[in-house]
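S.K.: predicted model, plus sequence, below.
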Amino acid sequence: MPEIEPFALHVPDHDLADLLARLDRVRLPEPETVPDSMQGIELRQLVTLLDAWRQHDWRAREARWNAIPHYRVRLDGLGIAFWHVRSPEPTALPLLMTHGRPGSVLEFENVLGPLSDPVAHGGSARDAFHVVVPALPGFGFSDRPRERGRHPGRTARAWAELVTVLGYRRFGAHGGDWGAFVSTELARLAPVRSNNEVTRLRGQTAVTSGPQLRSMGVIERVGSATPPNSSCAPCMGTVPPRDLVRKTPPQTRVAGGPHS
C-alpha cells in the first residue's frame, strides 16, 4: 500500500531572491502599433503581470496553503500531491475534485470549507463531503511525467487508487475543464464506487452517471458560473479538434473552424 506523507510548502529564501532578480532583469518589448490585442498580449498587460509577480506575498500564500491538510503519495510511478479535508460529519461522502488545464488545486480553495463543513457555512449536515483534491501530473507539486501516455484514463486509474489508499469505498467525482475528462473516465473505470459524478466543461455544470450529488446547491452558492472575463473556452470553441483536422481532406473546409 503506498505511503501517504504530509507535505508542507516552503520555498527557500534564495529561490525567491533569484526569482525577484530575474524579474528585475526582464526586457520588455516595444509597444504594439494597434490599440488592442490584435498583435498579441499588450505591453500594459505585461507590465501589470510583471508588477503582480514582484508584489506577490509568497509567505502569505504559503501560510494559507499550509493551513489546508496537504499530502504526497506515489501513484503509478509519480509523486502526487493532494489536499485531503475530512468533514466533521460522520455521514459525509468522499468527493474527489480535479482541476483543469491550465489551472491548479487553488481553483477549489474557496469551496473546501462549505463542502466539508456546510453547517458552519449556513448549510445542512447532509450536504457534507470529505474533500480530496489532487494535483494533475505535472501540475503544482505533483511530479512531472517523463514519458508520453498520461491520458485522462491513466490519471483516473491513479485517482481510483488514491481514494482506495485513503480508505474510501464509494465517492463522488467532480471535474472542471480537463478535470471533467478525468472524472468521466473515473466513472467509467469504477461505476459502482463513483456512481455520483458532477463534471463541468466549458463553464457548464452537468450531472452524469447517477443521481445528482447532494452538494450541487452548495457549489452553486459558492459560484460555478463562468467568470465574465473567461476566454479559453470561447476561443477553443472556434477551433476544430486536431484529430478532425488531420482526417479532413485538404480541399475540405471544416464547419466551425476559425476561417469558416
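M.R.: Looks like it came in fine.

S.K.: count of neighbours near the residue nearest to residue 161 when sequence neighbours are not counted?
M.R.: Spatial nearest neighbour of residue 161, excluding adjacent residues (C-beta to C-beta, 6 or more residues apart in numbering): residue 75 at 5.4 Å. In short, each C-beta sits where N, CA and C put it, glycine included. Residues contacting residue 75 under the criterion other C-beta atoms under 10 Å number 22.

S.K.: equivalent analysis for residue 84, please.
M.R.: That count, for residue 84 with other C-beta under 10 Å as the rule, works out to 19.

S.K.: in what element of secondary structure is it found?
M.R.: Using DSSP states H and E, residue 84 sits in strand 78-85.

S.K.: name the residues of that strand that are buried.
M.R.: For strand 78-85, the neighbour count (16 or more other C-beta atoms under 10 Å) marks 78, 79, 80, 81, 82, 83, 84, 85 as buried.

S.K.: please apply the same query to stretch 103-120.
M.R.: Buried positions in stretch 103-120, judged by neighbour count with 16+ other C-beta under 10 Å: 103, 104, 105, 107, 108, 111, 112, 114, 115, 116, 117, 118.

S.K.: ok, stretch 44-55 next?
M.R.: Within stretch 44-55, not a single residue qualifies as buried, counting by 16+ other C-beta under 10 Å.

S.K.: what does it contact?
M.R.: Stretch 44-55 has contacts (C-beta atoms under 8 Å, 6 or more residues apart in numbering) with 19, 20, 23, 24, 26, 28, 29, 37.

S.K.: what's the lowest-pLDDT member of these?
M.R.: Minimum pLDDT for those is recorded at residue 37 (85).

S.K.: and that residue, its phi and psi?
M.R.: When read as degrees, to the nearest 10, the backbone of residue 37 gives phi -100, psi 20.

S.K.: what angle sits between whichever strand or helix holds residue 164 and strand 78-85?
M.R.: Per DSSP H and E, residue 164 falls inside helix 152-165. Relative orientation of helix 152-165 and strand 78-85, computed by axes from the mean of the first three to the mean of the last three C-alpha atoms, to 10 degrees: 60 degrees.

S.K.: and helix 152-165, how far from the chain's centre?
M.R.: 15 Å (C-alpha atoms, centre = their mean, to the nearest Å).

S.K.: please apply the same query to stretch 64-74.
M.R.: Stretch 64-74 sits 15 Å away from the centroid of its parent chain (C-alpha atoms, centre = their mean).

S.K.: isn't residue 101 up against residue 178?
M.R.: Yes. Counting by C-beta atoms under 8 Å, residue 101 does reach residue 178; the two are 4.0 Å apart.

S.K.: which one of these two has more residues nearby?
M.R.: residue 178 (19 against 14).

S.K.: now that one: phi and psi?
M.R.: phi -60, psi -30.

S.K.: surely it meets residue 100?
M.R.: Yes. Residue 178 is within contact range of residue 100, at 4.8 Å (criterion: C-beta under 8 Å).

S.K.: how long is stretch 126-141 end to end?
M.R.: End-to-end distance for stretch 126-141: 32 Å, by C-alpha to C-alpha, to the nearest Å.

S.K.: now do the buried residues in that stretch.
M.R.: Going by 16+ other C-beta under 10 Å, stretch 126-141 has these buried residues: 127-137, 139-141.

S.K.: nearest to residue 93 among these?
M.R.: residue 129 (5.6 Å; C-beta to C-beta).

S.K.: and that closest one, what does it touch?
M.R.: Neighbouring residues of residue 129 by C-beta under 8 Å, 6+ apart: 87, 92, 93, 94, 95, 115, 116, 172, 215.
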